[in-house]
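S.K.: I'd like to go over a predicted model; first the sequence, then the structure.
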Amino acid sequence: MRGNHSTAIAAGTLLMFAIVASQAFAEGAPTAGPSEPPANPPATAAVPAVTVLNKHEVEGILGREVISAANENMGRIVDVLVDRSGQVRAAIIDFGGFLGVGSRKIAVDWNALAFPAPDKPGAKISLALTRDQVKAAPEYQEGKPVVVLGALGKLEPLPSE
């Protein structure tokens, strides 16, 4: 009679396992064994880092007017170029022309620009280059190799890769 009792316990245990496994399968739970990790571990939503920038510490520059050291109108900043590491390399200035006609985009080295003090709202950005130096620079064209007019008036290719 002892053999039948062991067989009944084993059959009962097997039946309980089958019921639990079928419920887990029906609920979409992973069916991995006890020594295996779950097939799809639960994803945790990452909370993005937040940085608060005070108004007196930052300002937008697109569309800002640029002047030369001689107070000549040099155009407006229309774009900013950054390298693959995120470092600002050049500003694109819409230079020359009249009312947008005949103007050209010129890439100037970021270090050639001087920004006004924060306590002077509306002050213009100055460029440490002459109008003639900028006029002689090649035009910036998106998708083509970039030639940057350096702070000393020297043309420098911006590495593309």
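M.R.: Good, I have the coordinates. Residues are numbered from 1 along each chain as shown.
S.K.: which residues does Glu65 contact?
M.R.: By CB atoms under 8 Å, 6 or more residues apart in numbering, the contact list for Glu65 reads 73, 75-76, 124-125. Where C-beta positions appear, they are placed from N, C-alpha and C, glycine not excepted.
S.K.: Would you reformat those residues as JSON lines and include neighbour count?
M.R.: Output for these, formatted as JSON lines (neighbours: other CB atoms under 10 Å):
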{"residue": "Asn73", "neighbour count": "13"}
{"residue": "Gly75", "neighbour count": "21"}
{"residue": "Arg76", "neighbour count": "18"}
{"residue": "Lys124", "neighbour count": "17"}
{"residue": "Ile125", "neighbour count": "18"}
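S.K.: ok, so of the residues you listed, who is nearest Phe115?
M.R.: Nearest to Phe115 among those, counting by CB to CB, is Ile125 at 5.7 Å.
S.K.: Look at the closest one and report its pLDDT.
M.R.: pLDDT for Ile125: 93.
S.K.: Could you pull up the residues touching it?
M.R.: By CB under 8 Å, 6+ apart, Ile125 lies in contact with 61, 64-67, 77, 113-116.
S.K.: Skip the chain neighbours and tell me the closest residue to it.
M.R.: Distances taken as CB to CB, 6 or more residues apart in numbering put Val66 closest to Ile125, at 4.9 Å, once the chain neighbours are dropped.
S.K.: would you say that neighbour is within a strand?
M.R.: Yes: counting by DSSP: H, G, I helix; E, B strand; the rest coil, Val66 is located in a strand.
S.K.: Tell me the one of the contacts of Ile125 nearest Tyr140?
M.R.: Ile77 (12.1 Å).
S.K.: ok, the closest one - contacts?
M.R.: Ile77 is in contact with 61-64, 66, 91-93, 125, counting by CB under 8 Å, 6+ apart.
S.K.: The residue nearest to Ile125 bridge partners, please.
M.R.: Under DSSP bridges, the beta-bridge partners of Val66 are Gly75, Ile125.
S.K.: Begin at 66, not 1, for the rest of this chat.
M.R.: OK, 66 is where the count begins now, so the last one is Val131.
S.K.: what about it, how many neighbours?
M.R.: Val131: 25 surrounding residues under other CB atoms under 10 Å.
S.K.: hang on, Val153 packs against Val147?
M.R.: Yes: counting by CB atoms under 8 Å, Val153 does reach Val147; the two are 5.4 Å apart.
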